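K.L.:
just need the structure, nothing else, for what follows:
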Amino acid sequence: MTARTSGQSDNFIKFHPGNVAAPGLSFEVMQAVQRIDPTLKFVGQEVLRPLRRVEAELVAGKLDVFFGLVRNPERAAKYLVLSPPLYRQFTQLAVRSEDPINIKTFDEIRQLGSAGIVGVPRGSAYVTHLKGLGGLTVDDGVASVSSTLQKLIAGRVRFVYYGDAVLRKYIQEDGLEGKVRLLPARFYGEDVCVVVSKTADPQLVLRIERALERLRSSGELAAIQDKYDVRTLPSNRN
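P.N.:
Next comes the predicted model:
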């Protein structure tokens with residue numbers, strides 16, 4: 001069985017082409033699934049698409065499966081969301097290093113008014129979430145984490161809101177240590193999962209879930225999570 005998939009642009013945790021040692025958690029899990037089920041072949045993972053295009057092509061049936069979407073009610077209605085999750089992601093805020101602020105709640109951000117603009121990459125599930133909370137000024141004018149962090153450095157936003165592991169990775173990759181820091185407060189924990197198009201062969205769901213369960217029970221999934229620093233419980237990072 002051949003399953004059409006995609007990589008994701010601007011997310012080095014999931015897809016980091018050119019990095020032989022750490023090509024991305026999603027990429028490595030796909031390789032492991034293919035090793036467990038040798039007659040299942042994923043094609044297209046080397047093509048990096050923006051997240052909004054990935055989602056549109058899953059709905060249209062142009063892609064069969066994608067490794068790495070945050071589980072939420074909107075996506076559960078559009079796709080088949082598989083278990084176990086690839087990892088659990090916790091959200092944090094990034095600020096400029098010289099900014100003394102220490103936000104712990106969204107209410108504190110609301111109280112800042114126009115001085116509390118929150119930057120989020122366009123197309124992220126967090127855009128809808130933050131706007132739905134009400135009272136927050138959300139800037140999703142650019143599509144990548146890197147570009148959103150550059151808006152932070154330029155003072156065009158006060159905060160950047162995203163998954164903690166991805167923020168840490170881009171701060172490191174973009175050489176922003178000393179310029180950007182993460183606030184200690186954690187807001188939400190969300191499962192990042194494999195999703196399958198509702199137009200795909202139903203056998204694809206069964207085969208991927210069976211392979212993921214073997215990866216989980218053998219400890220190999222946990223080892224991949226550790227490699228990409230996404231397995232630590234939130235109580236260990238406070």
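
K.L.:
quick one: residues contacting E46.
P.N.:
For E46, the set of contacting residues under the criterion of Cβ atoms under 8 Å, 6 or more residues apart in numbering consists of G7, P17. (Each C-beta comes from the backbone N, C-alpha and C, glycine too.)

K.L.:
ok but it is inside a helix, no?
P.N.:
No - checked against DSSP: H, G, I helix; E, B strand; the rest coil, E46 lies outside a helix; its state is coil.

K.L.:
now the helices: where do they sit in this structure?
P.N.:
Listed from the start of the chain, the chain has helices (DSSP state H) covering 25-36, 51-60, 73-78, 106-112, 125-133, 145-153, 164-173, 202-218, 220-227.

K.L.:
which of those helices sits closest to D191?
P.N.:
Comparison of those against D191 by Cβ to Cβ identifies helix 73-78 as nearest, at 10.7 Å.

K.L.:
which neighbouring elements make contact with the closest one?
P.N.:
For helix 73-78, the contact count by 3 or more Cβ pairs under 8 Å, 6 or more residues apart in numbering; DSSP states H and E identifies helix 51-60, helix 125-133 as packing neighbours.

K.L.:
make JSON lines from the ones you listed and add mean neighbour count and mean pLDDT to it.
P.N.:
Compiled in JSON lines, the helices and strands packed on helix 73-78 are given as follows (neighbours: other Cβ atoms under 10 Å; pLDDT from 0 to 100):
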{"stretch": "helix 51-60", "mean neighbour count": "18", "mean pLDDT": "95"}
{"stretch": "helix 125-133", "mean neighbour count": "16", "mean pLDDT": "89"}
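
K.L.:
tally of neighbours for the closest residue to G61 other than its chain neighbours?
P.N.:
Once its chain neighbours are removed from consideration, G61 has its nearest residue in T199; the separation is 3.5 Å (Cβ to Cβ, 6 or more residues apart in numbering). Using other Cβ atoms under 10 Å, T199 has 12 neighbouring residues.

K.L.:
check L136 too.
P.N.:
18.

K.L.:
same question, N11
P.N.:
Taking other Cβ under 10 Å as the criterion, the count of residues near N11 is 24.

K.L.:
that one and V43, how far apart?
P.N.:
20 Å (Cβ to Cβ, to the nearest Å).

K.L.:
next: K104.
P.N.:
For K104 relative to V43 (Cβ to Cβ), the value is 45 Å.

K.L.:
next: A22.
P.N.:
Using Cβ to Cβ, one gets 22 Å for the distance from A22 to V43.

K.L.:
and for V59, nearest residue in space, chain neighbours not counted?
P.N.:
Leaving out its chain neighbours, V59 is closest to K78 (Cβ to Cβ, 6+ apart), at 5.8 Å.

K.L.:
could you list every residue that touches that neighbour?
P.N.:
K78 sits next to E55, L58, V59, K198 when contact means Cβ under 8 Å, 6+ apart.

K.L.:
how much space is there between the second one and V194?
P.N.:
From L58 across to V194, the span is 11 Å (Cβ to Cβ).

K.L.:
where does the prediction get shaky in the protein?
P.N.:
Per-residue confidence of the chain (counting by pLDDT under 70) places the weak regions at 232-238.

K.L.:
thinking again about what came up before, can I get the helices of the chain in JSON lines including distance to F15?
P.N.:
Rendered in JSON lines, the data for the helices of the chain read as follows (distance: least, Cβ to Cβ, whole Å):
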{"stretch": "helix 25-36", "distance to F15": "6"}
{"stretch": "helix 51-60", "distance to F15": "11"}
{"stretch": "helix 73-78", "distance to F15": "19"}
{"stretch": "helix 106-112", "distance to F15": "30"}
{"stretch": "helix 125-133", "distance to F15": "17"}
{"stretch": "helix 145-153", "distance to F15": "13"}
{"stretch": "helix 164-173", "distance to F15": "12"}
{"stretch": "helix 202-218", "distance to F15": "18"}
{"stretch": "helix 220-227", "distance to F15": "14"}
